[in-house]
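[1] Just the structure for this:
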Amino acid sequence: GAVEFAGGAGGSRVVNNVFAGISGDGDTFGIRSYRAGGLRVENNIFYGIKGAGLQLNEMSRFGEYRNNIFARCGGGIDLRGGVRAGSAAAGAVVDYNIFHRNAADIVADPRDLSLLDHPMTGNCLGGARQGEASCDPMFVDAATGDFRVRGSSPAIDAADPRSPVPAGGGARSDIGRYERGAGEPPDTLL
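    This next block holds a predicted model:
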């Protein structure tokens, strides 16, 4: 995996990054949290990850996961919970994400989803069996690592309405790392 948060890392933020091409034997992930609640994972791209883009294990509650793109992953967001059922979903916010051609978009026990802060809002679910064409983020050229989106992408002006719009951006913030019309965003891991 690329980033793992455990124990005292609760409350960290991961913003404006690309996690791509993570594969291997066993359990793979873009970001994994274990006993690190209150994470904020926003405006990232998770692409071509063998396992979950975002894997939330035991006691990873009260996180905010919004404005991300999950494409061609084994799972988009995996709310595992671990030993304490529901402990990854409790109080979590899963809003305004795009899911496209993942083996599964949201991996969770349906009972755990009832523990979210509120019902998921503004997500475009586009797994292999769920109307994938409408959720295609339309990357410029993912094969060469160009994860900017084309002008007709459903990511444009589709982020959480409360998200700030970067200078030069549109009427509303975009989903993913790149804001159309704005300059290169900084990588942020706080």
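[2] Against Asn123, how distant is the one residue sitting closest to the centre of the chain?
    Against the mean C-alpha coordinate of the chain, by CA atoms, centre = their mean, the closest residue is Asn68 at 3.9 Å. Asn68 is 10 Å from Asn123, where distance means CB to CB, to the nearest Å. In this view, the C-beta of every residue, glycine as well, is placed from N, C-alpha and C.
[3] re the thing from before, show me the contacts for the residue nearest to the centre of the chain.
    Residues in contact with Asn68 (CB atoms under 8 Å, 6 or more residues apart in numbering) are 41-46, 53-54, 97-98, 175-176.
[4] what's the offset of stretch 51-64 from the middle of its chain?
    10 Å (CA atoms, centre = their mean, to the nearest Å).
[5] just stretch 104-115 next, same as before
    15 Å.
[6] And that stretch, what's buried?
    104-108, 112-113, 115 (16 or more other CB atoms under 10 Å).
[7] Stretch 162-172 now?
    Residues 163, 165-166, 169-170 are the ones in stretch 162-172 that count as buried (16+ other CB under 10 Å).
[8] I'd like the distance between the closest residue to Met120 other than its chain neighbours and Gly168.
    Spatial nearest neighbour of Met120, chain neighbours left out: Val94 (4.8 Å); criterion: CB to CB, 6 or more residues apart in numbering. In this view, Val94 and Gly168 are 28 Å apart by CB to CB.
[9] ok, now Asp117?
    Taking CB to CB, one finds Asp117 at 32 Å from Gly168.
[10] How about Gly48?
    29 Å.
[11] Gly183 too?
    7 Å.
[12] Check Gly181 too.
    Taking CB to CB, one finds Gly181 at 5 Å from Gly168.
[13] And Arg111, by the same measure?
    Counting by CB to CB, the gap from Arg111 to Gly168 is 44 Å.
[14] In the protein, where is pLDDT below threshold?
    127-133, 185-190 (pLDDT under 70).
[15] Show me the helices in it, by range?
    110-113 (DSSP state H).
[16] just to revisit the earlier point, a markdown table for the buried residues of stretch 104-115, including distance to Ser33?
    A markdown table is the format used below for the buried residues of stretch 104-115 (distance: CB to CB, whole Å):
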| residue | distance to Ser33 |
| --- | --- |
| Ala104 | 18 |
| Asp105 | 18 |
| Ile106 | 16 |
| Val107 | 14 |
| Ala108 | 14 |
| Asp112 | 15 |
| Leu113 | 17 |
| Leu115 | 16 |
